[in-house]
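> next comes the sequence, and after it the predicted model I'd like to discuss.
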Amino acid sequence: MTTGKPRVKLSRLILLVVIASSTSRALTPEEKTLVDKARAQYYNLQASGFDSLTCNVVFDFNSIPFANLDDELKNSLKSSTLVLTIDSRGRTTVDKTLSATTPNAVTAQATQLLSVMQSLVSGVFQTWPTKGLTGPIPPFDRQINHVKTTSDGYVFDLNVPGAPVLITTDKAFITKSISSIGGMTIETTTYTPSEHGLIFAGTHALNKNTDGSEIEVEYSLSTQEIEGLAVPASVHLVVKPNIDARYSLESCKAKKSQVIKLQ
């Protein structure tokens, strides 16, 4: 049994490519204190010297939508390659190469499915940097419009693409939700504790389309340590109702620069 190309739309999840804007006002001393405290709660890969990460992506072909593929097609995909690269700024590329041994009879479908696999990787890792590279609070003060104190926490109003972007935290600065594109995308994030701070472990996102339809996406991440850096190790991605895919990042190579702390 073979399967057609799933309709996957992950571009709406590219939420916060952090680019500074010159129109933001300066934070007040009180806001600056809150921002610094919030940043300090999260693991910061950039501050740890992260330069780049390159990994082979290995899919679990028992996960959906690959479980019911014909053996010939599945074996062709297994012997094809996907390589994920993330640079120091979180920019992501996913290079794909179809196996040279792919039979002519399944080349077209294998090429199509390999592109789907590529999108399942790029869709996650185009959104990962804004929460996993430096933590959810942007690294530059000019990327934050203001901070509002609420009865149970704080709301950080960000000056970034996708605005208005609002990050809601509790009193301990643990992120509860991220609203972007004027509330058209709502994320609930998960972080796990470590000795270096909270590490991004996944998100659940609900994306509302202008026609009233919705796309529900969630992914979870495990972590591995390479060159002293905590980086993603595996992904479980669910795009309801037709994708429930798992893949791991293997044979990873990380580049790290020396971190010079100013006194």
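Cool, the structure landed.

> burial measure for residue 73, as a count.
A count of nearby residues for residue 73, using other Cβ atoms under 10 Å, gives 20. Quick note: C-beta positions are derived from backbone N, CA and C, even for glycine.

> got a list of what the closest residue to residue 170 other than its chain neighbours touches?
When the adjacent residues along the chain are set aside, residue 170 lies closest to residue 153, with 4.3 Å between them (Cβ to Cβ, 6 or more residues apart in numbering). When contacts are counted by Cβ atoms under 8 Å, 6 or more residues apart in numbering, residue 153 touches 168-171, 173, 176.

> one more: residue 171?
Applying Cβ under 8 Å, 6+ apart to residue 171 gives the contacts 152-154.

> go with 6 Å
Residue 171 is in contact with residue 153, counting by Cβ atoms under 6 Å, 6 or more residues apart in numbering.

> helices along the chain, start to end?
Counting by DSSP state H, the segments of the chain that form helices are 29-40, 71-78, 107-125, 129-132.

> got a markdown table for those, with distance to residue 54 too?
Output for the helices of the chain, formatted as a markdown table (distance: least, Cβ to Cβ, whole Å):
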| stretch | distance to residue 54 |
| --- | --- |
| helix 29-40 | 27 |
| helix 71-78 | 20 |
| helix 107-125 | 12 |
| helix 129-132 | 15 |
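
> which of those helices has the highest mean neighbour count?
A comparison of the helices of the chain by mean neighbour count, using mean count of other Cβ atoms under 10 Å, puts helix 129-132 on top with a mean of 25.

> mind pulling the model confidence for the closest residue in space to residue 185 that isn't next to it in sequence?
Taking Cβ to Cβ, 6+ apart, and ignoring the residues beside it in sequence, residue 185 has residue 207 as its nearest neighbour in space, at 5.0 Å. We have a pLDDT of 89 for residue 207.
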